[in-house]
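Trainee: Please find the sequence and the predicted model below.
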Amino acid sequence: MIKLRARDQRGHADHGWLDTHHTFSFAGYQDPQHMGFRALRVINEDRVHPGRGFGTHGHSDMEIISYVLDGELSHRDSLGTGSVIRPGDVQRMSAGRGVTHSEQNASASQAVHFLQIWLIPKERGLAPSYEQKTFTRAEKEGRFRLVASPDGSEGSVTIHTDARLWAGCFEAGQTAQYPLAPGRHAWVQVARGSATVNGRELVAGDGLALSEEAAVLVSGGPGAELLLFDLA
């Protein structure tokens, strides 16, 4: 079974300093038909104006991943972490028993464009923690590179849920096949460009849910950058 979540069907809000699109229900956008997919709860595509950002706020019992596409995102949290997230970086924050944090556009002149991703953890009440790693474009060129997993395999960041996140960059003529084990599900999110996935033509902002499929089949288009979630 394959289901398209088209970019123009997402929730949208323009707060002046923040332009955001919600693949699933979030904040003021609530749609009972789109509350998430398996453990995947949130995919927000955020564009934050220069010098602006999210003030200090709290979360608990959620795995939060930030994936920057353009610009720089400055992160601070109650764990004492201070970092700047740039394109190629994957940041994971496990909110666990509770954490407060803030994200600000690190530039005074350039907008930051990133994906904010939430996954439901397998256990509640874990100790909060933070991790950030860089994955070069060369590692993702024409293939899927594992960037987040439950066991931190292949140098990926560690998430506390039964999911694996892969990132890949594909140009026209480049193809990839990702086998899905029986009982597993996939979500493909197009971060940039365009691609064909299991016969569906997708553009940036589109998402595709796949269940009871043997594999995810990707054919690249101009400037395609994809995220693939392998989910229980």
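Mentor: Perfect, thanks for sending it.
Trainee: C-alpha from now on. contacts and neighbour counts both.
Mentor: Will do.
Trainee: So what are the structural domains in this structure, by residue number?
Mentor: 11-134, 138-231 (automatic domain parsing).
Trainee: Show me what the residue nearest in space to the middle of the chain is bridged to.
Mentor: Here the mean C-alpha position of the chain is nearest to the C-alpha of Ile117 (C-alpha atoms, centre = their mean), at a distance of 4.3 Å. Beta-bridge pairing of Ile117 under DSSP bridges involves Ile43, Ile65.
Trainee: any idea how far it is from Phe229?
Mentor: Distance, Ile117 to Phe229, by C-alpha to C-alpha, to the nearest Å: 11 Å.
Trainee: now swap in Gly55 and tell me
Mentor: Distance from Gly55 to Phe229, by C-alpha to C-alpha: 29 Å.
Trainee: which one of these two has more residues nearby?
Mentor: Taking other C-alpha atoms under 10 Å, Gly55 and Phe229 do not tie; Phe229 has more neighbours (22 against 12).
Trainee: looking at this structure, which helix or strand is least sure?
Mentor: Here the helix or strand of the chain ranked lowest by mean pLDDT, DSSP states H and E is strand 53-59, holding a mean of 84.
Trainee: Mind listing residues that contact that strand?
Mentor: 17-18, 95, 98-105 (C-alpha atoms under 8 Å, 6 or more residues apart in numbering).
Trainee: Thought Gln91 was touching Gln132, still the case?
Mentor: Yes: contact between Gln132 and Gln91 holds when scored by C-alpha atoms under 8 Å: they sit 4.3 Å apart.
Trainee: who touches both of the two?
Mentor: Val157.
Trainee: what's the closest of the domains of the chain to Lys3?
Mentor: Taking C-alpha to C-alpha, domain 138-231 is the member of the domains of the chain nearest to Lys3, at 5.1 Å.
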